[in-house]
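Peer 1: Need a 3D model of the following:
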Amino acid sequence: DHPEIKEEVYRKDDRLLTLLKDVYVESKDPPVQVKDGGGELLPCKHEEKRLTKLGQLGDLDVKKVPKGKISIVEALTLLNNHKLHPQIWTAEKIAAEYSLELKDVSSLLEFFIPFTVQEFPKERKKAIKS
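Peer 2: Predicted coordinates for the structure are as follows:
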């Protein structure tokens, strides 16, 4: 808001610019040394995956997810199922159904609550004629 401060910030200092032009830095990475493992193969870590429960998007849905994780469609589905039928869709059943840990499901059900969109009817008032 102060023009004198803005002018000071944007003003070029010729002395500093000439000093900066004299600075030269050269940087090189050290050579990479590859250790020969003698042809030994390292074990690959394979994630165990499971098929997802597909939603209405068909081809756009994620087909496989790692065990212990869920897709967005599945998360919305299980949250809605729990909201509509909490006696049937308990945390234990959801954990077993979707290959999840019980503590993760309990946290999910506690902190992520789907909201309901409600439309209220428009009020129709008739004007009183005098």
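
Peer 1: Am I right that residue 65 sits in a helix?
Peer 2: No: the assignment for residue 65 by DSSP: H, G, I helix; E, B strand; the rest coil gives strand, which leaves it out of any helix.

Peer 1: ok, how many other residues are close to it?
Peer 2: By the measure other CB atoms under 10 Å, the count of residues near residue 65 is 17. From N, CA and C alone the C-beta is placed, and that goes for glycine too.

Peer 1: mind checking how far it is from residue 21?
Peer 2: Here the criterion is CB to CB, to the nearest Å. By it, residue 65 lies 55 Å from residue 21.

Peer 1: Which residue lies nearest the spatial centre of this protein?
Peer 2: Within the chain, one residue has its C-alpha closest to the average C-alpha position: by CA atoms, centre = their mean, that is residue 72, at 10.1 Å.

Peer 1: Much appreciated, bye for now.
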